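Q: Dropping the sequence and predicted coords here.
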Amino acid sequence: MALLAALVQAGVAGYAQTAGLPDLTVQARLGTAFNVLLVVLALWPRVSTHHFQLILIGSGQLWLLSSVALYLRGETLSATLLVGLLMVTLFSFAWLRAVWAALLTLVGYLLLWGPVSGERSVDVPGLLMTGFAAVLIWCLSAHGQTLYRAHLRSDALAALASTDPLMGLLNRRSGRGSTSCSAPPAPVPGSWRRCWWTSTISNA
């Protein structure tokens with residue numbers, strides 16, 4: 001995804017340069033370089049997942065603030081601010097505690113309603129829909145975390161029920177067994193048809 005974001009920022013930089021928007025060009029070029037750096041950090045084993053997530057959230061906040069400055073200068077549209085706020089909301093509710101995620105989202109949302117709309121007119125229906133989308137992201141994130149914890153508990157209970165508590169081996173509840181019966185391809189006349197039964201079920 002970081003590589004895709006770098007390609008998008010490179011396209012924005014080309015458009016901004018052609019349209020004569022110097023500040024937007026600088027932001028897009030910095031965004032391209034930063035997303036390439038994110039690709040390197042994602043491949044670096046010393047960078048933990050938690051730190052990588054915090055870097056994404058912090059960079060999203062900085063990108064939103066820089067987009068606000070560009071909007072006040074007339075170099076970008078309000079749709080860019082709304083998309084940026086939704087990205088920050090998604091990252092925050094996915095990787096932070098609900099209280100901190102809600103606080104960051106609320107600060108960004110009030111920033112668009114307050115200082116920004118006081119300087120330039122912002123798309124009011126777009127702002128209202130963005131607020132609804134932020135609440136929807138919170139609901140889906142909370143529901144997804146609940147389902148994830150339920151799946152973890154279910155897997156733990158299934159593993160506990162299918163193993164022997166003393167030996168730690170699979171028991172009869174594991175269901176991991178196979179029984180097959182085969183006959184010789186050319187039985188000798190007058191001999192009984194033989195059947196071999198094999199099973200991998202533990203007798204523990």
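A: Yep, that arrived. Numbering: from 1, shown residues only.

Q: Excluding sequence neighbours, find me the nearest residue to Gly131.
A: Tyr109 (6.2 Å; CB to CB, 6 or more residues apart in numbering). Glycine gets a C-beta too; all of them are placed from N, C-alpha and C.

Q: could you say which helix or strand contains the one you found?
A: Assessed by DSSP states H and E, Tyr109 sits inside helix 98-111.

Q: So what touches that helix?
A: 57, 61, 64, 68, 85, 88-89, 92-93, 96, 127, 130-131, 134, 138, 141-142 (CB atoms under 8 Å, 6 or more residues apart in numbering).

Q: Mark which of those are buried, thanks.
A: 57, 61, 64, 68, 85, 88-89, 92-93, 96, 127, 130-131, 134, 138, 141 (16 or more other CB atoms under 10 Å).

Q: for the protein, what spans make up the helices?
A: With DSSP state H as the criterion, the chain has helices at 2-19, 22-43, 49-72, 78-95, 98-111, 117-119, 124-161.

Q: From Ile57, how far out is the residue nearest the centre of the chain?
A: Nearest to the geometric centre of the chain sits Ala94, at 6.8 Å (CA atoms, centre = their mean). Distance, Ala94 to Ile57, using CB to CB, to the nearest Å: 9 Å.

Q: and which of the buried ones among the contacts of helix 98-111 is nearest to Ala10?
A: Relative to Ala10, the closest of the buried ones among the contacts of helix 98-111 is Leu64; by CB to CB it sits at 19.9 Å.

Q: show me the contacts for the closest one.
A: With CB under 8 Å, 6+ apart, Leu64 has these contacts: Leu81, Gly84, Leu85, Met87, Val88, Gly108.

Q: burial of the closest residue to Leu54 other than its chain neighbours, as a residue count?
A: Among residues not flanking Leu54 along the chain, Trp95 sits closest, at 7.7 Å (CB to CB, 6+ apart). Neighbour count for Trp95, taken as other CB atoms under 10 Å: 17.

Q: do Gly14 as well
A: Burial measure for Gly14: 13 neighbouring residues, criterion other CB under 10 Å.
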